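Trainee: Structure for this input, please:
(one chain, ligands or ions: 2)
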Amino acid sequence: MFAPRQVFGTFQRRGFSASARQASKVAVLGAAGGIGQPLSLLLKLNPRVTQLALYDIRGGPGVAADISHVNTKSTVSGYDPTPSGLREALKGSELVLIPAGVPRKPGMTRDDLFNTNASIVRDLAKAAAEASPDANILIISNPVNSTVPITAEVFKAAGVYNPRRLFGVTTLDVVRASRFLSQVKNTDPANENVPVVGGHSGVTIVPLLSQSNGADLSGQTYEDYVKRVQFGGDEVVKAKDGAGSATLSMAMAGARFAESLLKASQGVKGVIEPTFVDSPLYKDQGVDYFASNVELGPNGVEKIYPVGKVTEHEQKLIDTCLVDLKKNIQKGVDFVKQNP
Ligand SMILES: NC(=O)C1=CN([C@@H]2O[C@H](COP(=O)(O)OP(=O)(O)OC[C@H]3O[C@@H](n4cnc5c(N)ncnc54)[C@H](O)[C@@H]3O)[C@@H](O)[C@H]2O)C=CC1
Ligand SMILES: O=C([O-])CC(=O)C(=O)O
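Mentor: Ligands and ions are numbered 1, 2, ... in the order given. Predicted structure coming up:
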């Protein structure tokens, strides 16, 4: 079998590689939740996704039936909350997005979610290590600074850990950093790109304004901006007043990151997203995972960029970040050791 010349030619003219036509199954674990539902909808709208597998401990098949009526070409399946349902959802997936777990209520930190979400992520990671060991795993469940190391430890224990395929999704921090700067400067956020490094909670979130159009912000305006990016999640938690945390903006951010990975895996070059990965940047300081700009490719992580030139103040923010990050990471590693 071969593709008709005309069709192949059309693909070439449009700049796609031949592999752009490959099938891409994407699984969402926690698909019926506040993030899971809009995220699944956005993935249904992505033409790179050919098969969408929706799993949740409750409501997966209902959400799948609903989304399946959207008239795009991909197929949508919902799975029963059973070990075999989970296995089926995972099998053959290129991407596995995990927004399963509880969200914050006012007054809580992300670390306060650890006791509930650590075991949820551990168990889903175990299933993924068995059923889809080669997939890209995208962790959304908080606390990301700990749930990513938890997933890594589970994959290591199963003998299938590939550091290039595990990602903590920090895209929402980058989305906020862009939007908040555009609000300060009264500009179009499409033109505002602020690198955000570190982790995904409070002071571990470090926006690098010196590497953006916001390099001229100073004094209280600068302080307020940095604080708003670091604690943007709290704004939403407070406004939702007990009904959860960011879901819609997170769905957008998760869909953006998924699109970037699919694009890169289908041969598009130069796709760069900040993400929390197993990183060499601060290993000498005992910090094994760190978010910075990462070039994505067919094998997942292609290249991890260093943070680059920063101001003295930004360096202080990074130093503060590293202290917390190290503890958050260790907590995840210890959890799997003590609760394998
Ligand atoms: N990385 C990030 O930037 C962000 C992360 N989050 C985190 O995402 C997580 C989910 O938030 P929401 O969707 O608002 O919560 P939610 O409570 O609305 O939805 C969570 C879903 O997970 C499901 N679930 C629970 N245990 C499960 C399991 N073992 N297997 C499969 N599904 C399971 C629930 O049934 C529910 O449908 C939270 O931990 C939240 O903190 C939220 C916003 C941003
Ligand atoms: O704030 C939270 O708990 C949810 C989250 O991670 C975010 O919105 O960045």
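Trainee: where does this protein come near ligand 1, residue by residue?
Mentor: Residues of the chain lying close to ligand 1 by Cβ under 6 Å from any ligand atom are 29-30, 32-36, 55-58, 99-104, 113, 117, 120, 123-124, 140-142, 144, 169, 172, 200, 244-247, 250. All C-beta spots, glycine's among them, are computed from the backbone N, C-alpha and C.
Trainee: Any of these buried? List them.
Mentor: Neighbour counting with 16 or more other Cβ atoms under 10 Å marks 29-30, 32-36, 55-57, 99-104, 113, 117, 120, 124, 140-142, 144, 169, 172, 200, 244-247, 250 as buried within the residues of the chain next to ligand 1.
Trainee: how about Val76, secondary structure?
Mentor: Classification of Val76 using DSSP: H, G, I helix; E, B strand; the rest coil returns strand.
Trainee: Beta-bridge partners for it, please?
Mentor: Beta-bridge pairing for Val76 (DSSP bridges): Leu52.
Trainee: Distance of it relative to Met252?
Mentor: 19 Å (Cβ to Cβ, to the nearest Å).
Trainee: The two: which has the busier surroundings?
Mentor: Val76 (22 against 17; other Cβ atoms under 10 Å).
Trainee: That one reaches Gly62, doesn't it?
Mentor: No. Using Cβ atoms under 8 Å, Val76 makes no contact with Gly62, being 11.6 Å away.
Trainee: Show me the strands in this protein, by range?
Mentor: 25-29, 51-55, 75-79, 95-98, 136-139, 166-168, 196-198, 205-207, 271-278, 289-297, 300-304 (DSSP state E).
Trainee: Out of those, flag the one nearest ligand 2.
Mentor: strand 205-207 (8.4 Å; Cβ to the nearest ligand atom).
Trainee: The residue of the chain found nearest ligand 2: neighbour count?
Mentor: Closest residue of the chain to ligand 2, Cβ to the nearest ligand atom: Gly233 (2.2 Å). Number of residues near Gly233 (other Cβ under 10 Å) recorded here: 24.
Trainee: And the one 5 residues further on, by the same measure?
Mentor: Other residues within reach of Lys238, judged by other Cβ under 10 Å, total 13.
Trainee: which residues touch it?
Mentor: By Cβ atoms under 8 Å, 6 or more residues apart in numbering, Lys238 lies in contact with Pro106.
Trainee: Could you find the closest non-adjacent residue to the residue of the stretch 201-340 of the chain found nearest ligand 1?
Mentor: Across the stretch 201-340 of the chain, the shortest distance to ligand 1 (Cβ to the nearest ligand atom) belongs to Met250, at 3.9 Å. Nearest residue to Met250, sequence neighbours excluded (Cβ to Cβ, 6 or more residues apart in numbering): Ile35, at 4.9 Å.
Trainee: check contacts around that neighbour.
Mentor: Pro99, Ile140, Thr247, Met250, Ala251, Gly254.
Trainee: can you pull the pLDDT of it?
Mentor: pLDDT recorded at Ile35 is 98.
Trainee: Next, find the distance separating the residue of the chain closest to ligand 2 from Asp80.
Mentor: For Gly233, the distance to Asp80 - Cβ to Cβ - is 32 Å.
Trainee: what does Met108 give?
Mentor: 31 Å.
Trainee: One more: Ile35?
Mentor: Counting by Cβ to Cβ - Ile35 and Asp80 are separated by 21 Å.
Trainee: doesn't Ala255 make contact with Leu39?
Mentor: Yes. When contacts are counted by Cβ under 8 Å, Leu39 is listed as touching Ala255 (6.0 Å).
Trainee: Which one's more surrounded, the two?
Mentor: Leu39 (28 against 22).
Trainee: Name the nearest residue to that one, sequence neighbours excluded.
Mentor: Ala251 is the one closest to Leu39 (Cβ to Cβ, 6+ apart), at 4.1 Å.
Trainee: for Ser265, what are its contacts?
Mentor: Here Ser265 is in contact with Ser24, Glu94, Asn136, Leu296, Gly297, Pro298 (criterion: Cβ under 8 Å, 6+ apart).
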